[in-house]
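**Q** Sequence first, then the predicted structure:
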Amino acid sequence: MAARFMHRLVSTLEQCSVNDREMHEHRAVTSYRHAEMRDFVTAVCEALGGASHYNFDNNMAYIYRPGDTHVLGEIGFADLRLRKVGKDKLAYYVRTTNINNPKIKSDNWRHNTVSTDKLSTAVKLAVNHLKLLGVMDAVDATFKDVRDIITKERNVLSRHVRDKLQDLLGFYVYSDPDLNKGIFKELRNITFASEELNRDKDELYNDAAAVAEFDRYTERGLTYVAFSDNYGQLVADIVHLPVDAAAEPKSPPPTRVAATELPEWAQERTAVLKLVSNNTHVQGVGVRVDDRVFYICTGEYE
């Protein structure tokens, strides 16, 4: 299995608790490699024009630019021996997805690294390789989790529909029922003597309507919207994506527009999602990944 480097969301670092940040900083300054790592981080951030860093361990830091959605990559100062035999091989390294080291197998974490024992060379390597993550790579880093959120919520509602049908009919239905069939249309208009059965019936059709709304994602897809800072201007990268992974047509190329030039339906939906917490789905609106990355329902439809 490939040990591919995953570009973390910048928000996960900026929103770390004070305790977590202090813990990581403590590990960094108490390491016997602290001086080398400190000099490396300082030089890289300066060379990249004022980038920021987050010390994640005693010999590793994430490098990012405030305003971007994802980190540029990882740098470190570590023992890079493959088998830990013989004398320590301490070296500076740069790690990011645009590096594929042919000398290292893809299942080794070092496959996405380049390294050197010279600080000046390491800084040049960092400048050459720590680049802004491409839009489709950023989608690749987040879309699976979004799909999982949507699928999980749909499956819960679908299970509720089948449970309510069992309560009403007396037997369990193992697949999503077609409530447009005649018998179910008639059932909707029936008033039972039991208030409990009436509640079950209402919940059945409400949940079925919610399942149908989820299915519209598959039909229309989602639109990825990611806000970032482009030399002082807030811009949005947008791309239409299918939700159904089994039958995925080729997505159109991403486009970048000024945030104020987003279509009205996109501005309205991102505004709603900015009011909820991260990794939250709002039915008929979309999914918020964080305060910069959103997957919204595509197009003007209600």
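**A** On my side now, so go ahead.

**Q** drop to CA atoms for contacts and neighbour counts, all remaining ones
**A** Noted.

**Q** Got phi/psi on K144?
**A** Backbone torsions for K144, taken as degrees, to the nearest 10, come to phi -60, psi -40.

**Q** what's the neighbour count on it?
**A** The burial count assigned to K144 is 12, neighbours taken as other CA atoms under 10 Å.

**Q** Do you know the pLDDT at it?
**A** Among the per-residue scores, K144 holds a pLDDT of 92.

**Q** if I look at it, how far off is V289?
**A** K144 is 11 Å from V289, where distance means CA to CA, to the nearest Å.

**Q** you'd agree N55 is in a strand?
**A** Yes. Per DSSP: H, G, I helix; E, B strand; the rest coil, N55 lies within a strand segment.

**Q** Test my guess that D229 contacts R65.
**A** No. Contact criterion CA atoms under 8 Å: D229 and R65 do not qualify, at 9.2 Å.

**Q** Compare the two and say which is more crowded by neighbours.
**A** When D229 and R65 are compared for neighbours, R65 comes out ahead with 19 against 15, by other CA under 10 Å.

**Q** ok now the helix or strand of the chain with the lowest mean pLDDT, how far from the chain's centre?
**A** When the helices and strands of the chain are scored by mean pLDDT, DSSP states H and E, helix 18-30 comes last with a mean of 75. Taking the mean of its C-alpha atoms, helix 18-30 sits 25 Å from the chain's own mean (CA atoms, centre = their mean, to the nearest Å).

**Q** now swap in stretch 256-273 and tell me
**A** Centroid separation for stretch 256-273 versus its chain: 19 Å, with CA atoms, centre = their mean.

**Q** Dump it to PDB, restricted to CA.
**A** Extracted as PDB, the C-alpha positions of stretch 256-273 are listed here (Å, rounded to 0.1, in the frame of the first residue of the first chain):
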ATOM      1  CA  ARG A 256     -11.000  30.400 -10.700                       C
ATOM      2  CA  VAL A 257     -13.100  33.600 -10.200                       C
ATOM      3  CA  ALA A 258     -13.200  36.400  -7.800                       C
ATOM      4  CA  ALA A 259     -15.200  35.400  -4.800                       C
ATOM      5  CA  THR A 260     -17.700  38.200  -5.600                       C
ATOM      6  CA  GLU A 261     -18.300  36.700  -9.100                       C
ATOM      7  CA  LEU A 262     -19.600  33.400  -7.800                       C
ATOM      8  CA  PRO A 263     -23.200  32.600  -9.100                       C
ATOM      9  CA  GLU A 264     -25.800  33.800  -6.700                       C
ATOM     10  CA  TRP A 265     -26.900  30.200  -5.900                       C
ATOM     11  CA  ALA A 266     -23.300  29.400  -4.900                       C
ATOM     12  CA  GLN A 267     -22.900  32.500  -2.800                       C
ATOM     13  CA  GLU A 268     -26.200  31.700  -0.900                       C
ATOM     14  CA  ARG A 269     -25.200  28.100  -0.200                       C
ATOM     15  CA  THR A 270     -21.700  28.800   1.000                       C
ATOM     16  CA  ALA A 271     -23.100  31.600   3.200                       C
ATOM     17  CA  VAL A 272     -25.400  29.000   4.900                       C
ATOM     18  CA  LEU A 273     -22.600  26.500   5.300                       C
END
